[in-house]
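> Generate coordinates for the sequence data below:
(one chain, ligands or ions: 1)
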Amino acid sequence: MSSRKDLRIAIVGGGMVGVACAVRLMKAGLDVNLFEAASKFGELGAGVAIGPNGLRALEGLGISKTLHSEAEDYHDMGTFQFISDLPGHEFIFDHMIIFPLKNGQMVNVVLFCSDRSEHADSKELPLEKWVTAVDKQEVVERFEDCGPDTQAIISLLDDNPKKWAIHELRPTLTHYTRENVALVGDAAHASSPHLGAGVGQGFEDAHFICELLVDLRTNTQNLQDVFEVYDRYRRPRANDVLKSSAATGELYDSWREDSVAEKFHSPLGKLFGWVFDHDLRADINAARRDLENNGIWQSGT
Ligand SMILES: Cc1cc2nc3c(=O)[nH]c(=O)nc-3n(C[C@H](O)[C@H](O)[C@H](O)COP(=O)(O)OP(=O)(O)OC[C@H]3O[C@@H](n4cnc5c(N)ncnc54)[C@H](O)[C@@H]3O)c2cc1C
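Numbers count the residues shown, from 1 in each chain. Got it, this is the predicted structure:
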């Protein structure tokens with residue numbers, strides 16, 4: 001059996017995906033160094049929703065039990081509920097997502113508003129602050145045409161809501177790897193939040209790439225070829241999710257009162273299923289066969 005000592009792995013970025021990779025690789029006995037620019041770990045935002053595909057990837061990484069025990073308010077993912085055009089509700093696509101935290105002691109409220117004044121296809125990284133304080137009155141006014149439930153929830157917001165600018169990677173990357181470097185998570189496919197799929201795609205990347213890295217047949221000689229297989233399988237799906245998330249945002253934002261409920265429900269039902277139901281294990285097995293059949297993984301190496 002070859003020694004794993006020749007494979008030294010540097011993970012740049014200790015976000016959720018980088019840490020997930022580090023835990024899996026270290027448990028497998030690989031030599032891992034994790035580099036994080038921030039001086040300390042901390043909470044950012046109030047929480048993330050992880051879809052069934054993300055949970056399966058976490059199981060594959062061997063860290064879902066830790067997540068379940070640490071999460072204060074873990075729920076199995078049910079179906080989303082879209083409330084629109086019911087009594088007291090209109091077709092309005094400045095929209096809202098709410099979910100409970102801290103065993104129902106706290107509710108995270110995310111209100112989405114579109115502002116098309118910035119050019120979406122700019123090649124420059126937006127340098128202004130991505131998170132700013134916002135006056136609660138601005139929120140009240142922006143949503144004053146919404147139904148009574150929305151108004152009631154907004155009235156309960158604390159006095160210091162924050163405004164988050166949403167950025168996504170556009171155009172999508174044509175490569176996730178170059179030589180001995182591979183991108184995972186948001187570095188490869190930072191997406192808008194409209195499918196709630198961002199970190200789930202990152203966990204899929206992590207599960208996939210770690211399965212290939214922990215295999216004893218991966219070594220410094222074939223690492224580049226192994227990464228190319230990672231790129232070949234992961235990039236099309238993650239880029240599709242990224243594009244689909246943007247399209248979902250357009251769907252939410254562009255729907256107007258002259259639209260009909262039937263048209264609305266049909267596309268939304270289809271938007272999430274293929275993201276949540278994806279069989280990543282089948283992809284990993286296919287990648288393994290590719291590596292074997294193409295002689296990249298030599299048995300006994
Ligand atoms: C408010 C908010 C709500 C969200 N809600 C959801 C949700 O409900 N569901 C969902 O799936 N996704 C959600 N997302 C997206 C999700 O948070 C991201 O997809 C996920 O955090 C990506 O993880 P990551 O590890 O790839 O990147 P990041 O979390 O961005 O981590 C990257 C890390 O790299 C570090 N770093 C950067 N540059 C360097 C460097 N040069 N050297 C060393 N370290 C560096 C950064 O400091 C950071 O810690 C949300 C995002 C936000 C902002």
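> buried stuff in stretch 224-241?
Across stretch 224-241, burial judged by 16 or more other Cβ atoms under 10 Å covers 226-231, 233-235, 237-239, 241. For every residue, glycine as well, the C-beta is placed using N, CA and C.
> which among those residues gets closest to P171?
Distance to P171, by Cβ to Cβ, is smallest for N239 among the buried residues of stretch 224-241, at 9.3 Å.
> what's the spacing between that closest one and L58?
Per Cβ to Cβ, to the nearest Å, N239 is found 22 Å from L58.
> now, which of the buried residues of stretch 224-241 sits nearest the ligand?
Nearest to the ligand among these is V241, at 9.9 Å by Cβ to the nearest ligand atom.
> and the closest one, that one's in a helix?
Yes. Using DSSP: H, G, I helix; E, B strand; the rest coil, the secondary structure at V241 is a helix.
> Quick check, pLDDT for it.
Listed pLDDT for V241 reads 95.
> Then G42?
69.
> In stretch 202-216, which residues are buried?
Under the neighbour-count criterion of 16+ other Cβ under 10 Å, stretch 202-216 has 202-214 buried.
> circling back: columns secondary structure and distance to the ligand on top of the buried residues of stretch 224-241, output as CSV?
Converted to CSV, those look like this (DSSP: H, G, I helix; E, B strand; the rest coil; distance: Cβ to the nearest ligand atom, whole Å):
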residue, secondary structure, distance to the ligand
V226, helix, 20
F227, helix, 17
E228, helix, 21
V229, helix, 21
Y230, helix, 15
D231, helix, 16
Y233, helix, 18
R234, helix, 13
R235, helix, 15
R237, helix, 15
A238, helix, 11
N239, helix, 14
V241, helix, 10
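> what's the most distant pair in the buried residues of stretch 202-216?
Top of the distance list for those (Cβ to Cβ): G202 and V214, 18.0 Å.
> For whichever residue of the stretch 51-200 of the chain sits closest to the ligand, give its distance to A246.
With Cβ to the nearest ligand atom as the measure, G185 is the residue of the stretch 51-200 of the chain nearest to the ligand, at 2.2 Å. Using Cβ to Cβ, G185 is found at 18 Å from A246.
> which phi and psi does T177 have?
phi -140, psi 150 (degrees, to the nearest 10).
> Give me the pLDDT for it.
pLDDT, T177: 98.
> which residues touch it?
T177 makes contact with L183, Q224, F227, E228, Y230, D231 under the criterion Cβ atoms under 8 Å, 6 or more residues apart in numbering.
> Can you redo these as TSV, where the extra columns are pLDDT and distance to V134?
TSV is the format used below for these (pLDDT from 0 to 100; distance: Cβ to Cβ, whole Å):
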residue	pLDDT	distance to V134
L183	98	32
Q224	97	47
F227	98	42
E228	98	45
Y230	98	40
D231	98	40
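> Pick out whichever of those residues sits closest to A286.
Y230 (12.2 Å).
> Correct me if wrong: that closest one contacts A287.
Yes. The pair Y230 / A287 is scored as a contact, 7.4 Å apart, by Cβ atoms under 8 Å.
> which neighbours do those two share?
Overlap of the contact sets of Y230 and A287 (by Cβ under 8 Å, 6+ apart) consists of F208, L212.
> Find the helix or strand that the closest residue to the ligand within the stretch 201-301 of the chain is a member of.
Proximity of the stretch 201-301 of the chain to the ligand (Cβ to the nearest ligand atom) peaks at G202, 4.4 Å away. Using DSSP states H and E, G202 falls within helix 198-213.
> Equivalent analysis for F41, please.
Following DSSP H and E, there is no helix or strand that holds F41.
> what separates it from the ligand, distance-wise?
Distance of F41 to the ligand, given as Cβ to the nearest ligand atom, to the nearest Å: 8 Å.
> okay, now that residue: neighbour count?
10 (other Cβ atoms under 10 Å).
> Mind listing what's buried along stretch 282-291?
Going by neighbour count (16+ other Cβ under 10 Å), the buried part of stretch 282-291 is D283, I284, A287, R288, D290, L291.
> other SSEs contacting the helix or strand where the third one lies?
According to DSSP H and E, A287 maps onto helix 280-293. Helices and strands in packing contact with helix 280-293 are listed as helix 52-61, helix 198-213, helix 223-254; criterion 3 or more Cβ pairs under 8 Å, 6 or more residues apart in numbering; DSSP states H and E.
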